[in-house]
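K.L.:
Build me a structure from this.
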Amino acid sequence: MNLERNWNPHATTILGVKRGGEVALAGDGQVTIGDVVLKHNARKLRTLHDGQVLAGFAGAVADALTLFEKFESQLQAWDGNLRRAAVELAKEWRSDRYLRRLEAQLLVADGESLLLISGEGDVIEPDDGVVAIGSGAPFATAAAKALITNTDMPAEAIVRESMRVTAEICIFTNDRFTVEVVRVDDDEGKEANEGGA
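P.N.:
This is a model prediction of the structure:
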C-alpha cells in the first residue's frame, strides 16, 4: 500500500438530475487515496445562497473548498444569478494562475438550471437534464438516463436509484450518499441523508 504513489483522491460520484421544476444532486460518501478507503461518510454537497443553490464537487477536497468559496462570492456579487456566477467563476478559474492548478470539477444547480463547471473554462448545461462527475460518472449517468427516459419518477427518486446502481458497480462509490433537492417554488431547498440498504 503506497499512498505516495497515487495521492489524488478520485473516489467520488456526484450526480445531478433536473426534471420539471425540481433539481436533485446526490453524492456518495467514499474518499479513497490510492487503493485505500479513508472515509465512508464524506459530505461532497453544499447548499449555498440561503439553500436556493446546490453545489457538489469531485476532485481534491482542498481545491474544491477553494472553488466553493469563489463560487459563493460570485453568487453574492451577482445576486444569486446561477448562470452568471458560473460563467464568472469559469473565467476566473481559467485565467488565474493559482486557480488553474486546482484539480476539481463542480456541479451547481438551482430550481431552474443544472450546470457543470470545469477549470478549462467550461460551463455546460446538459440537454437532457442529467450530468455526473467523478469516477462513477458513467455508471450514474447511464442509470439516470434510463430512468428519465423510461419512467415518470421525479428527480429526487432518480438520483437515489441511480446512486444505488452506481454503488453496486463502481468500486470507488459507496452506498452512503447524500441527496439535496431544490425546487422552483422552494426557496429553502430540501436536504435528505440516506445510508445504504
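
K.L.:
in the protein, what spans have low per-residue confidence?
P.N.:
Counting by pLDDT under 70, the chain has low-confidence residues at 1-11, 96-102, 185-197.

K.L.:
May I ask you to name the longest helix in it?
P.N.:
helix 61-77 (DSSP state H).

K.L.:
CA atoms only for that helix, dumped as CSV, please.
P.N.:
Taking Å, rounded to 0.1, in the frame of the first residue of the first chain, the C-alpha atoms of helix 61-77 are listed here in CSV:
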residue,chain,number,x,y,z
VAL,A,61,-11.1,18.4,-1.3
ALA,A,62,-9.0,21.5,-0.5
ASP,A,63,-9.2,22.6,-4.2
ALA,A,64,-13.0,22.1,-4.2
LEU,A,65,-13.4,24.1,-1.0
THR,A,66,-11.5,27.0,-2.5
LEU,A,67,-13.8,26.8,-5.5
PHE,A,68,-16.9,26.7,-3.4
GLU,A,69,-15.7,29.9,-1.7
LYS,A,70,-15.0,31.6,-5.1
PHE,A,71,-18.4,30.4,-6.4
GLU,A,72,-20.3,31.7,-3.4
SER,A,73,-18.6,35.1,-3.7
GLN,A,74,-19.7,35.2,-7.4
LEU,A,75,-23.3,34.2,-6.3
GLN,A,76,-23.3,37.1,-3.9
ALA,A,77,-21.8,39.5,-6.4
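
K.L.:
Only the buried residues of it, if you could.
P.N.:
63-64, 66-68, 70-72, 74-75 (16 or more other C-beta atoms under 10 Å). In this view, the C-beta of every residue, glycine as well, is placed from N, C-alpha and C.
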